[in-house]
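Give me a model of this one.
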Amino acid sequence: MLRNISWRYFDFWLLGAVVLAAAFGTTMIRSAVAGNEVLLPLINRQIYFALLGIVLIFIVAAIDYRYWMALYRPMYIVILIFLLTLTGFGQTAFGAQRWFQVGVLFLQPTEFAKIVAILILARYFQATQNQPRDLRWLIGAVLWAAGIIVLILLQPNLSNVVVLSVILAALLWFNGVQIKHVIILGTVAALSLITVVGLTAAGIRIPFLQEYQQDRIANFILPDPNASFGATYNVQQALIAIGSGGVTGQGYGHGTQTQLRFLKVRHTDFIFSAISEEFGFIGSLLVVVIIMLIIWRCLRAAQKARDVAGMNIAYGVATLIFFQGMVNIGVNLNIVPVSGLPLPFISYGGSGLTSLMLGIGLVESVAMRFRQLEF
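Purely as a prediction, here's the structure:
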């Protein structure tokens with residue numbers, strides 16, 4: 001497992017980008033919660049989680065990623081038990097059972113379930129790499145992912161169900177799913193989306209969606225211009241914050257929307273708006289560039305991976321970071337409905353940051369075991 005470790009191919013560009021993103025995120029969290037005595041402890045917690053995450057990157061990178069392939073069954077069972085237990089005994093927030101409380105900390109198993117899902121699917125595609133890409137192969141991948149997705153849907157946590165579905169779809173594509181299956185799945189997804197939007201616009205309740213989830217969709221389709229609270233109001237304040245930042249921003253700790261608390265959940269869901277207000281277009285563009293650099297290094301690791309499992313791990317982590325980042329920024333710009341997904345490495349959240357660091361550690365493990373690498 002730890003034999004013949006060579007740090008020659010450890011991707012320090014990837015590590016540097018992750019550290020820079022986490023450091024900048026912590027700095028922005030400090031500005032976003034300034035003056036709020038209740039939220040001030042979050043700054044130190046985020047620092048501790050970031051430091052723990054960096055240590056985890058080195059530990060996970062040192063372990064051959066193929067070792068985790070051999071442990072796929074225990075990992076899968078453990079995460080299913082956590083998710084199943086969470087459905088009945090978890091802490092409820094924003095209409096869903098999301099966390100276990102451990103002392104002063106909140107553990108969110110769903111964040112770690114995404115990494116486990118990537119490993120499980122990587123193992124599956126490695127084991128079936130020589131099988132025909134027929135319907136049986138497709139259903140096999142869907143069934144492995146469905147065990148996790150269904151339990152997260154029961155919380156209910158629709159945004160992370162979508163994240164896992166996108167990761168599954170991306171890995172199916174990278175592994176050569178047939179075009180006719182893509183057309184069928186795409187048609188089903190499009191019809192489902194049209195049905196949900198149509199029923200929501202007509203004011204008809206949908207059984208498997210919570211009221212707050214349907215309200216978010218309704219607020220996105222038909223926003224109330226006079227809203228003084230809720231998702232519509234939050235998005236309006238986010239747009240004002242982004243617009244008032246201009247090119248260079250109002251300065252660190254001087255954003256009026258952020259510091260006067262018109263901008264809600266500004267240290268999590270709407271931290272991109274806080275960055276745009278205080279650092280302007282240049283600051284927000286810098287954040288996008290850093291995240292794109294992380295994604296690029298993950299994709300680079302996937303291209304150079306020595307086997308199918310390594311390729312899928314790196315592609316899966318890249319997809320996770322890309323989709324979450326795209327949706328979070330889209331919410332801040334009012335391009336997509338409010339989802340609750342954090343901005344990777346930037347938003348506050350110990351479980352989210354730690355799980356992403358684990359994912360980066362796995363990518364580093366893939367990178368370190370290249371046969372030949374030239375960057």
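
can we go C-alpha only for contacts and neighbour counts from here?
Fine.

Tell me where the model's unsure across the protein.
Residue ranges of the chain with pLDDT under 70: 1-4, 87-105, 208, 224-231, 371-375.

ok, now which ones touch the residue nearest the centre of it?
What sits nearest the mean C-alpha location of the chain, by CA atoms, centre = their mean, is Q324, with 4.2 Å. The contact partners of Q324, by CA atoms under 8 Å, 6 or more residues apart in numbering, come to 163, 341-344.

And F262, by the same measure?
F262 touches Q237, counting by CA under 8 Å, 6+ apart.

ok so it is a helix residue?
No. Under the criterion used here (DSSP: H, G, I helix; E, B strand; the rest coil), F262 is coil, not part of a helix.

Quick check: next helix or strand after the helix or strand the residue nearest to the centre of the chain falls within?
Per DSSP states H and E, Q324 falls inside helix 308-332. Following helix 308-332 in sequence order, the next helix or strand is helix 350-368 (DSSP H and E).

Mind listing what's buried along whichever helix or strand M75 is part of?
Using DSSP H and E, M75 sits within helix 72-89. Buried residues in helix 72-89, counted by 16 or more other CA atoms under 10 Å: 72, 75-76, 79-80, 82-84, 86-87.

And the helices in the stretch 51-200 of the chain?
Per DSSP state H, counting those that start in this stretch, the stretch 51-200 of the chain carries helices over the ranges 65-70, 72-89, 109-127, 135-153, 158-174, 179-201.

now for the shortest one, which elements pack on it?
Helix 65-70 is packed against helix 109-127, helix 308-332, helix 350-368, with contacts defined by 3 or more CA pairs under 8 Å, 6 or more residues apart in numbering; DSSP states H and E.

If we use 7 Å, what do you get?
When contacts are defined as 3 or more CA pairs under 7 Å, 6 or more residues apart in numbering; DSSP states H and E, helix 65-70 packs onto helix 350-368.

CA-only coordinates of the helix it packs on in PDB, if you can.
Provided in PDB are the C-alpha atoms of helix 350-368 (Å, rounded to 0.1, in the frame of the first residue of the first chain):
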ATOM      1  CA  GLY A 350     -16.100  21.600   7.400                       C
ATOM      2  CA  SER A 351     -17.600  18.500   5.800                       C
ATOM      3  CA  GLY A 352     -17.700  19.900   2.300                       C
ATOM      4  CA  LEU A 353     -14.100  21.200   2.500                       C
ATOM      5  CA  THR A 354     -12.800  18.000   4.100                       C
ATOM      6  CA  SER A 355     -14.500  15.700   1.500                       C
ATOM      7  CA  LEU A 356     -13.100  17.900  -1.400                       C
ATOM      8  CA  MET A 357      -9.600  17.600   0.200                       C
ATOM      9  CA  LEU A 358     -10.000  13.800   0.300                       C
ATOM     10  CA  GLY A 359     -10.900  14.000  -3.400                       C
ATOM     11  CA  ILE A 360      -7.800  16.000  -4.200                       C
ATOM     12  CA  GLY A 361      -5.700  13.500  -2.200                       C
ATOM     13  CA  LEU A 362      -7.100  10.700  -4.400                       C
ATOM     14  CA  VAL A 363      -6.200  12.700  -7.500                       C
ATOM     15  CA  GLU A 364      -2.700  13.300  -6.200                       C
ATOM     16  CA  SER A 365      -2.500   9.500  -5.600                       C
ATOM     17  CA  VAL A 366      -3.400   8.900  -9.200                       C
ATOM     18  CA  ALA A 367      -0.900  11.600 -10.300                       C
ATOM     19  CA  MET A 368       2.000  10.100  -8.200                       C
END
